[in-house]
Structures are given as C-alpha cells and as structure tokens.
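A.B. asks: sequence-free structure coming up:
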C-alpha cells in the first residue's frame with residue numbers, strides 16, 4: 001500500500017497557517033504532480049481558492065466542529081478524493097491531543113507537524129492562554145515565529161518552546177517574509193569563566209543550552225544549587241542526578257530536569273537533599289541521553305539550604 005504523507009499545521013487564527021500551506025503547495029511546487037487534499041478546520045483572513053487548487057489536482061474539505069473530525073470522516077474523504085498527500089489546517093482553539101491519538105485512514109502517515117506563531121502577539125497569548133498555546137508545541141517538529149521585528153525576544157521565545165519540546169526546530173521569519181537567522185542574544189552567564197556560576201534564575205536557560213550544545217561545555221567547570229535525585233534501587237552505584245524542578249507550561253506540568261553525575265561516593269548523598277555542586281562537565285556517551293551528552297564529575301559538594309522558591313523557570 002502506498003504511503004500517503006500527512007502534514008499537520010497548528011496555530012491560532014491568523015498566525016499564518018493558510019499562507020504557509022499556500023507557499024508550500026504553489027510557491028515551492030510541493031503540490032505539483034500529486035493529488036492533494038487540504039482539510040481546513042477554520043476560516044481565516046486568507047482563504048483557499050478551489051479553482052486554483054484544481055490546477056494542482058487539489059481538493060478542499062471543510063470541517064467546522066471538532067466532533068466532526070473523526071476517522072470515519074477522514075475515511076470518507078480518502079475514498080472520495082484518493083489523495084496522494086494531505087494537508088490539515090487545524091483549528092487553534094481545538095485540543096491537539098485527540099487528533100494525534102486518532103487512527104488515520106489506511107496508508108495515511110503523519111510525517112510532519114508544524115506550528116505557526118505570530119511573534120507580535122505571542123507574549124499576550126502566552127499570558128492569557130498559556131496552556132492552550134503550549135499544547136500546540138509539544139508534538140511540533142517545526143515552530144515558525146513569523147512577523148518578527150528587531151525587538152522580538154527570539155531567545156526567550158526559543159526557551160519557551162524548547163522547555164516543552166527540545167526536538168522542535170525553530171524558525172524566525174521577518175515581517176517581509178524573509179528568514180531571520182541572526183545569532184541569539186548572549187547567555188546570562190560567563191561561559192568562559194574558570195567556574196561558570198549558575199544562579200537559580202539561569203538554571204533553566206543553562207539546562208537547555210547544555211543539552212542542545214553539550215560539546216561547548218566539554219571540560220568546563222560549573223557551580224549551581226541542586227536538588228539530589230537518588231532513589232534507592234533506581235540508580236546504579238556511583239551515580240546521582242543533580243537538578244531542579246521546573247515549570248514548563250503551568251503548575252500541572254512541573255518536571256525534574258537534571259544531569260547524569262558520576263561520583264564514587266554517591267551513596268552518601270541523601271535523596272532529595274540540597275547541595276551546592278561544583279563539577280567538571282565531560283561530553284561523553286550515556287545511555288540516559290541515548291547518545292553523547294553532558295556528564296558531571298563533582299569537584300566539590302557542599303550541603304545547602306532549600307531555596308525559598310524550589311522551582312526554576314525558562315524565561
């Protein structure tokens with residue numbers, strides 16, 4: 001059976017989903033030489049012209065209510081149009097989970113999920129509808145921030161997404177449609193210091209940077225306040241995980257983020273105790289990372305007091 005690729009587009013209304021699909025189908029000629037089916041779940045400012053779609057053997061199906069988006073509906077569309085590739089423009093106010101958990105028609109394969117974001121309104125939406133906004137990121141392969149200006153806090157936006165979905169590729173697009181690939185703002189700590197001091201406020205930023213770019217920390221020394229994770233019978237001898245609890249989306253989405261740490265006296269450090277850890281970072285293979293990553297080797301460990309706010313954040 002021929003595989004039918006499905007491309008899934010999420011984002012709030014007027015975030016650029018329809019424009020992106022148009023560009024993909026027409027400007028990039030992605031829709032040529034294939035039967036295309038566009039499933040649209042909301043009406044935005046930019047609309048699909050069915051006459052134009054027919055020039056690339058394309059068809060449009062509108063689904064106005066989430067309860068109508070079922071496998072039976074998709075099976076019927078598959079039987080009617082026999083598509084060779086499918087583009088789904090999802091409604092930004094609908095929960096993403098139900099679709100991702102849905103059984104698709106035979107042969108349909110979700111190959112890419114893209115989320116579009118209007119950079120000029122992102123912080124406003126994040127403040128007022130954080131959970132709804134963040135849900136669109138957790139399974140996205142690509143997150144596109146469009147309408148970026150010189151004042152757009154790209155590094156902050158990147159951390160917000162990466163805190164929820166580290167694998168997502170992030171793209172910034174200027175207001176004129178060109179790509180913005182300028183370097184991010186500088187890190188809030190001195191990576192060239194003899195010992196890199198990481199404050200509570202910077203832990204989340206450092207964690208993301210160290211996991212995304214572990215090579216640049218190879219051989220560096222780091223110092224930070226850590227909560228010790230070392231439950232009995234769950235870790236091998238000589239290992240513990242120093243880290244912090246972090247809020248990625250909301251209070252219901254708090255997770256522990258830490259690093260593998262090799263220490264021959266790990267058993268002497270109580271589980272859930274607080275320490276100030278100075279350690280050397282080595283870039284090496286670790287099963288826990290499914291490949292190479294930052295592994296810590298303690299230089300000094302001191303007992304510490306629990307901070308007033310145990311959580312760290314990514315902003």
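C.D. replies: Looks like it came in fine. Remember, predicted model here, so these are calculated numbers, not experimental data.

A.B. asks: So residue 230 versus residue 222, what's the distance?
C.D. replies: Here the criterion is C-beta to C-beta, to the nearest Å. By it, residue 230 lies 19 Å from residue 222. Where you see a C-beta, it was placed from the backbone N, CA and C, and this is true even at glycine.

A.B. asks: which of those two has more neighbours?
C.D. replies: More neighbours surround residue 222 than the other of residue 230 and residue 222, with 23 against 19 (other C-beta atoms under 10 Å).

A.B. asks: Give me the spatial nearest neighbour of the more buried one, chain neighbours excluded.
C.D. replies: residue 196 (4.8 Å; C-beta to C-beta, 6 or more residues apart in numbering).

A.B. asks: Quick check, the one you found in contact with residue 189.
C.D. replies: Yes - Residue 196 is within contact range of residue 189, at 5.8 Å (criterion: C-beta atoms under 8 Å).

A.B. asks: Which residue ranges of the stretch 1-150 of the chain form helices?
C.D. replies: Remark: helices assigned in the stretch 1-150 of the chain by DSSP state H, counting those that start in this stretch are 17-22, 50-54, 71-81, 97-100, 122-128, 130-135.

A.B. asks: Show me which positions of the second one end up buried.
C.D. replies: Taking 16 or more other C-beta atoms under 10 Å as the basis for neighbour counts, the residues of helix 50-54 that come out buried are residue 53.

A.B. asks: which residues touch that helix?
C.D. replies: 25-26, 36, 38, 59-60 (C-beta atoms under 8 Å, 6 or more residues apart in numbering).

A.B. asks: try 7 Å this time
C.D. replies: 38, 59-60 (C-beta atoms under 7 Å, 6 or more residues apart in numbering).

A.B. asks: Tell me the most packed of these, by neighbour count.
C.D. replies: Tallying neighbours with other C-beta under 10 Å puts residue 38 at the head of the contacts of helix 50-54, with 25 neighbours.

A.B. asks: Please enumerate the helices of the stretch 151-300 of the chain.
C.D. replies: Using DSSP H, counting those that start in this stretch, the helices of the stretch 151-300 of the chain run over 154-164, 200-212.

A.B. asks: The longest one versus helix 154-164: what angle between them?
C.D. replies: For the pair helix 200-212 and helix 154-164, the angle between their directions (axes from the mean of the first three to the mean of the last three C-alpha atoms, to 10 degrees) equals 70 degrees.

A.B. asks: What is the burial count for residue 149?
C.D. replies: When neighbours are defined as other C-beta under 10 Å, residue 149 has 10 of them.

A.B. asks: surely it meets residue 173?
C.D. replies: No - the criterion here is C-beta atoms under 7 Å, and residue 149 misses it with residue 173 at 11.1 Å.

A.B. asks: Identify the residues contacting the nearest residue to residue 310 once chain neighbours are set aside.
C.D. replies: Spatial nearest neighbour of residue 310, chain neighbours left out: residue 245 (6.0 Å); criterion: C-beta to C-beta, 6+ apart. By C-beta under 7 Å, 6+ apart, the contact list for residue 245 reads 254, 256, 310-311.

A.B. asks: switch to 8 Å and redo it
C.D. replies: 227, 254-257, 310-312.

A.B. asks: so which of the residues you listed is the most crowded?
C.D. replies: Counting by other C-beta under 10 Å, top hit in those: residue 312 with 24 neighbours.

A.B. asks: Can you give me the distance of that residue to residue 229?
C.D. replies: Note on residue 312: its distance to residue 229, by C-beta to C-beta, is 14 Å.

A.B. asks: Likewise for residue 34?
C.D. replies: 50 Å.

A.B. asks: re the thing from before, can I get the helices of the stretch 151-300 of the chain in a markdown table with mean pLDDT?
C.D. replies: Listed next are the helices of the stretch 151-300 of the chain as a markdown table, based on pLDDT from 0 to 100:
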| stretch | mean pLDDT |
| --- | --- |
| helix 154-164 | 87 |
| helix 200-212 | 92 |
